Every structure is written in structure tokens, then in C-alpha cells.
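Novice: Please work out how this folds:
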Amino acid sequence: PLGNRLVVFGGCNYAINSYDPALHCFDLQRRRWSGLTADGEHLRARTGHAVIPCGDGVLIFGGLGSSKTLFNDSFLLRVWL
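Specialist: I've put the predicted structure just below:
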């Protein structure tokens, strides 16, 4: 979590093979989802990646893309909460 918020990037709905390229935020106190804006590179949609808090942002590593490509990359996104 970043403060009282949980940050989520990407994911996949396997039933329809749809990958999500968006950054989402869940406010743990208000129990509401919202979209987020971040500075950094635009990431390709992925699932199965790791996300950890890092300073005022999140570090994203690896994952699986829609073309079944395994990513071996990392990105640091500054998150504006």
C-alpha cells in the first residue's frame, strides 16, 4: 500500500483474453476504486507481474503480455494520489 491506498496495475480477464493496461487505486478507508495518473513510461498491458511500493511510486517488474510474451523489464512509476 501507499499510505491508505492499494495500487494495482494491469491484469487479465482470461475468459475473454482481455488485458488491462490501466493503473487503479483502492482507498482502504473509503472502500472505493479510482483511476490513477502516473509519470513514467507507458507500459504494455500485462498480468502476472510484481508491483512493490517505492518512494512516491511503484516499481513494476516482469509479467506476461497479451501475445504470451514474457516480460523481463522493470518500470518505476511516480503515482499521483
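Novice: Of all the strand elements in this structure, which one is longest?
Specialist: Taking DSSP state E as the criterion, the chain has its longest strand at strand 70-80.
Novice: Who does that strand pair with, and is each partner parallel or antiparallel?
Specialist: strand 37-39 (antiparallel), strand 57-64 (antiparallel) (DSSP bridges).
Novice: from the ones you listed, which stretch is densest packed?
Specialist: strand 57-64 (a mean of 18; mean count of other CB atoms under 10 Å). For the C-beta atoms, the positions are set from N, CA and C on the backbone; glycine is no exception.
Novice: Just the residues contacting it, thanks.
Specialist: For strand 57-64, the external contacting residues (CB atoms under 8 Å, 6 or more residues apart in numbering) are 2, 7, 9-10, 38-40, 43, 46-53, 70-79.
Novice: Send me that strand as PDB with only the CA atoms.
Specialist: This file holds the C-alpha atoms of strand 57-64, laid out as PDB (Å, rounded to 0.1, in the frame of the first residue of the first chain):
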ATOM      1  CA  GLY A  57       5.500   5.400  -6.700                       C
ATOM      2  CA  VAL A  58       5.500   1.800  -7.600                       C
ATOM      3  CA  LEU A  59       8.100  -0.500  -9.200                       C
ATOM      4  CA  ILE A  60       6.700  -2.900 -11.700                       C
ATOM      5  CA  PHE A  61       8.700  -6.000 -12.800                       C
ATOM      6  CA  GLY A  62       8.000  -8.600 -15.500                       C
ATOM      7  CA  GLY A  63       4.800 -10.300 -16.300                       C
ATOM      8  CA  LEU A  64       3.000 -11.900 -19.300                       C
END
